[in-house]
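Trainee: this one's sequence-less:
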């Protein structure tokens, strides 16, 4: 894959300094301005605080970038850029456009850049009603192909979480609870879906990830880090809000790539901003855990 690492990221990878990949769709499409740029900067700062180098991934003028400078991140945050999944990379690059990479695209790029750890808010998955719509996120497919550890707060709340776990199992992707026994549902730690594998502490987590990589298995791992308890929502309340947001999406014929950002925006308003507060906190928590994991992996080599 043709990509260009920033000078900082390239130097870090060359000498084995821990690096954490970060997606840019969260900046371009996950938050409104000016929160989006502040969140992007906060995630990079969190990674640095824990001793790793952040590598925010995006497409800038048709070139895949691994690591953005301040002006490039501002460009992604303030312009109307393409939402770029794995399938969109070749077209966006050929057109010379800017693109904000989703989980699927970022996982593929991180693997190509030999970055072992990626932090995001929540992964995509199987949408409700997928038996009719066949709407299944490319995130799940890329996770089965790229040996990257993805630290997240589970999957987005608007999804069919049980079906999402079933697809991950079918694809051979381990789903590991970090200090939790239940699959997180993004804005809440409560999904009612138990996890078979749990670790407590970064040292144990790094041993699992290192062994997974040493076995040269074809896919990655999903590391579930629940949202902070003090900002998470109760599962019953959240489900009611999601139902309302999905009804609005159906009434307005919102679907496909536009569905998730629409629903997240609706949840922000319906919850009085509490979901946005939770989203910021969980994203930063995931960045910190990913950085600690990357440092622990580097210490093993």
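Mentor: Ah, there it is. For clarity, every value in this text was computed on a predicted model and none was experimentally measured.
Trainee: now do the residue nearest the centre of the chain, the pLDDT please.
Mentor: Centroid-nearest residue in the chain, with Cα atoms, centre = their mean: residue 120, separated by 2.7 Å. pLDDT, residue 120: 98.
Trainee: where does the stretch 201-301 of the chain have low pLDDT?
Mentor: Scanning the stretch 201-301 of the chain for pLDDT under 70 picks out nothing.
Trainee: that one: strands as residue ranges?
Mentor: 221-224 (DSSP state E, counting those that start in this stretch).
Trainee: now swap in the stretch 1-150 of the chain and tell me
Mentor: 4-5, 19-22, 53-60, 63-66, 82-84, 99-101, 117-119, 149-152.
Trainee: now do the contacts for residue 291.
Mentor: 18, 20, 46, 47, 48, 49, 50, 51, 52, 117, 119 (Cβ atoms under 8 Å, 6 or more residues apart in numbering). Placement of C-beta: from N, CA and C, glycine included.
Trainee: which one of the residues you listed is nearest residue 176?
Mentor: residue 117 (13.2 Å; Cβ to Cβ).
Trainee: excluding sequence neighbours, find me the nearest residue to the closest one.
Mentor: In this structure, residue 117 finds its nearest non-sequential neighbour in residue 294, 4.4 Å apart by Cβ to Cβ, 6 or more residues apart in numbering.
Trainee: how much space separates that neighbour from residue 116?
Mentor: Residue 294 sits 7 Å away from residue 116, going by Cβ to Cβ, to the nearest Å.
Trainee: which of the two has more neighbours?
Mentor: Neighbours were counted for residue 294 and for residue 116 using other Cβ atoms under 10 Å; residue 294 has more, 30 against 23.
Trainee: so how far is residue 282 from the more buried one?
Mentor: Using Cβ to Cβ, residue 294 is found at 18 Å from residue 282.
Trainee: picking up where we left off before, hang on, isn't the residue nearest to residue 117 packed against residue 17?
Mentor: No - at 9.1 Å, residue 294 does not count as touching residue 17 under the criterion of Cβ atoms under 8 Å.
Trainee: quick one: common contacting residues for these two?
Mentor: Common neighbours of residue 294 and residue 17 (Cβ under 8 Å, 6+ apart) are residue 52.
Trainee: many thanks, I have nothing further to ask.
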